[in-house]
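Undergrad: everything below, folded, please.
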Amino acid sequence: MKKLAIIITHPIQYYVPVFQLLAKECELKVFYTWGEAGAKAKYDPDFKQIIAWDLPLLEDYNYEFLTNSSKDSGSHHYGGIINSDLNEKISSFSPDAILIYGWAYKSHLSAMRYFKGKIPLWFRGDSTLLSERRALKKILRSIFLKWVYKNIDKAFYVGTANKTYFQKFGIANKKLVFAPHAVDNKRFSSDRNVEALALRNSLGIPPANSLILFAGKLEANKNPELLLAAIQELNLAGVHLLFVGNGELEKQLKKTAVVLSSPPTPSKGGHNISTTLSMTTVHFMGFQNQTHMPIIYQACDLFCLPSQSETWGLAVNEAMASGKAILVSDKVGCAVDLVKNGENGYIFESNNLIDLKAKISLLLSKENDLKGMGKASLGIIQNWSFEKQVATFLETLNG
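TA: So this is what the prediction gives:
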């Protein structure tokens, strides 16, 4: 049985199931470079609360927490990961290959340079070229990334946009291997309809009404304000919008939503500024942990991710595994792979309010069958699974 070493900052709910499957088929050891602190509940500045995932992330595979000597430890910056003994620990394990998740940490880049030419180096990341950059920054970034990626032997790309990114920065096609980005499809597709119906009832959403869901951090990059503006201007009867998450825009979104649903305010002359109440109801739920998310997805009719920049968007995988229609911007990395216009949803032009409104109207029109689109989503996402990702890693390791 061949040995595989994995270098990653901390346990992540989207990657641990992959490690657990790999451990059944090879001699695996995961090196967590953040240290033990990376596995503990921690304050998330975007969610503005302490987050502790409610899934088991340290079971059924071999791992080691390394000592991290950084004075400001964490995965938020290059100097946050400093492990003086990482290369020594890897060498002692004597793996047949090393899989590194992310290069933008001092120890990770050091390991890539140290093991180049000694042990096959694999790389996993989901960056894309979808975010605009200034010309000078693009040139400097290109030079630097080509230098970084010269160290690796294989890059496992997560989808089309990610593959284009790797090609742009000098990785030859023969070094590129497709290993699909994935979530636990079985967990999200397991029937939670009774709980989903109870959630809708608790929010006062009749079965005949449509529920549009946004789930994620309420931050500018994910552009929830654009979605709220679209709903405001469309003012559709029998439509509900649910925001699940917390973040810097939470107060403003709630304030705007309250204004939309408030009674008309008399002007000084005694006339109403507006004579029409909003027909769309907006709901807010704070951060929800992993075991509760399948219920929320299954409660909705349409999932929308209007991000201005999103390397992939695993929430889209989750919504599709839950059997839902999808609406995403063209700056969401998974869009080109997972969203088929007219089949399981639509892609709109990022930051284009008119296009977003048109796509929402189209999706909610009688001509479209959201349930049918949801079934199409479920069919498409079966090809994007942990099992396929693991099979690719093992084929490369044993080939």
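Undergrad: now the helix ranked longest in the chain: buried residues?
TA: Longest helix of the chain, by residue count under DSSP state H: helix 135-149. By 16 or more other C-beta atoms under 10 Å, the buried positions in helix 135-149 come out as 145, 148, 149. For glycine as for every other residue, the C-beta is placed from the backbone atoms N, C-alpha and C.
Undergrad: which parts of the stretch 51-200 of the chain are strands?
TA: For the stretch 51-200 of the chain, the strands defined by DSSP state E, counting those that start in this stretch occupy 63-65, 97-101, 121-124, 154-157, 176-178.
Undergrad: can I get these in TSV including mean pLDDT?
TA: Putting the strands of the stretch 51-200 of the chain into TSV (pLDDT from 0 to 100) gives the following:
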stretch	mean pLDDT
strand 63-65	98
strand 97-101	98
strand 121-124	98
strand 154-157	98
strand 176-178	98
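Undergrad: buried set for stretch 69-86?
TA: Within stretch 69-86, the residues scored as buried using 16+ other C-beta under 10 Å are 70, 73, 74, 75, 80, 81, 82, 83, 86.
Undergrad: now for these, which pair is the farthest apart?
TA: Maximum pairwise distance in these, criterion C-beta to C-beta, is 16.4 Å, between 74 and 86.
Undergrad: need the contact list for residue 203.
TA: Neighbouring residues of residue 203 by C-beta atoms under 8 Å, 6 or more residues apart in numbering: 240, 242, 283.
Undergrad: equivalent analysis for residue 314, please.
TA: Counting by C-beta under 8 Å, 6+ apart, residue 314 touches 14, 181, 183, 334.
Undergrad: can you tell me the closest non-neighbouring residue to residue 31?
TA: Spatially, and ignoring its direct neighbours in sequence, residue 31 is nearest to residue 7 (5.2 Å; C-beta to C-beta, 6 or more residues apart in numbering).
Undergrad: would that neighbour count as being in a strand?
TA: Yes. Membership of residue 7 in a strand is supported by DSSP: H, G, I helix; E, B strand; the rest coil.
Undergrad: wait, it touches residue 97, no?
TA: No. Residue 7 is beyond contact range of residue 97, at 11.4 Å (criterion: C-beta atoms under 8 Å).
Undergrad: ok, those two, which is more surrounded?
TA: Between residue 7 and residue 97, counted using other C-beta atoms under 10 Å, residue 7 has the larger neighbour count: 28 against 20.
Undergrad: if that one is in a bridge, with which residues?
TA: Beta-bridge pairing for residue 7 (DSSP bridges): residue 31, residue 100.
Undergrad: quick check: it vs residue 137, distance?
TA: Distance, residue 7 to residue 137, using C-beta to C-beta, to the nearest Å: 27 Å.
Undergrad: go on, residue 349?
TA: Residue 349 is 24 Å from residue 137, where distance means C-beta to C-beta.
Undergrad: what do you get for residue 234?
TA: 38 Å.
Undergrad: pull the contacting residues for the residue nearest to residue 31.
TA: Neighbour list for residue 7: 31, 33, 86, 90, 98, 99, 100, 101, 107, 108, 111 [criterion: C-beta under 8 Å, 6+ apart].
Undergrad: quick one: the helices in the stretch 51-200 of the chain?
TA: Per DSSP state H, counting those that start in this stretch, the stretch 51-200 of the chain carries helices over the ranges 86-93, 106-115, 135-149, 160-168, 185-189, 193-202.
Undergrad: I'd like those as JSON lines, with mean pLDDT appended.
TA: Below are the helices of the stretch 51-200 of the chain laid out as JSON lines (pLDDT from 0 to 100):
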{"stretch": "helix 86-93", "mean pLDDT": "98"}
{"stretch": "helix 106-115", "mean pLDDT": "98"}
{"stretch": "helix 135-149", "mean pLDDT": "90"}
{"stretch": "helix 160-168", "mean pLDDT": "97"}
{"stretch": "helix 185-189", "mean pLDDT": "97"}
{"stretch": "helix 193-202", "mean pLDDT": "96"}
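Undergrad: and residue 296, which of the ones you listed is closest to it?
TA: For residue 296, the closest of these is helix 193-202, at 6.8 Å, according to C-beta to C-beta.
Undergrad: touching that closest one from outside, list them.
TA: Contacts with helix 193-202, where a contact means C-beta under 8 Å, 6+ apart, come from 207, 211, 295, 296, 298, 299.
Undergrad: and it, which residues are buried?
TA: By neighbour count with 16+ other C-beta under 10 Å, helix 193-202 contains the buried residues 196, 199, 200.
Undergrad: mind checking how far it is from the chain centre?
TA: 25 Å (C-alpha atoms, centre = their mean, to the nearest Å).
Undergrad: got it, and stretch 129-146?
TA: Relative to its chain's centre, stretch 129-146 lies at 23 Å (C-alpha atoms, centre = their mean).
Undergrad: any idea how far residue 356 is from residue 141?
TA: From residue 141 over to residue 356 (counting by C-beta to C-beta), the distance is 30 Å.
Undergrad: show me what the helix or strand bottoming out on mean pLDDT in the chain is packed up against.
TA: When each helix and strand of the chain is scored by mean pLDDT, DSSP states H and E, strand 42-44 comes last, with a mean of 73. Under the contact criterion of 3 or more C-beta pairs under 8 Å, 6 or more residues apart in numbering; DSSP states H and E, strand 42-44 touches strand 49-51.
Undergrad: could you give the mean pLDDT of the strand it packs on?
TA: Here strand 49-51 scores 77 as its mean pLDDT.
Undergrad: list the contacts of it.
TA: For strand 49-51, the surrounding residues in contact (C-beta under 8 Å, 6+ apart) are 41, 42, 43, 44, 246, 286, 287.
Undergrad: for burial, what's the neighbour tally of residue 40?
TA: Residue 40, neighbours per other C-beta under 10 Å, totals 11.
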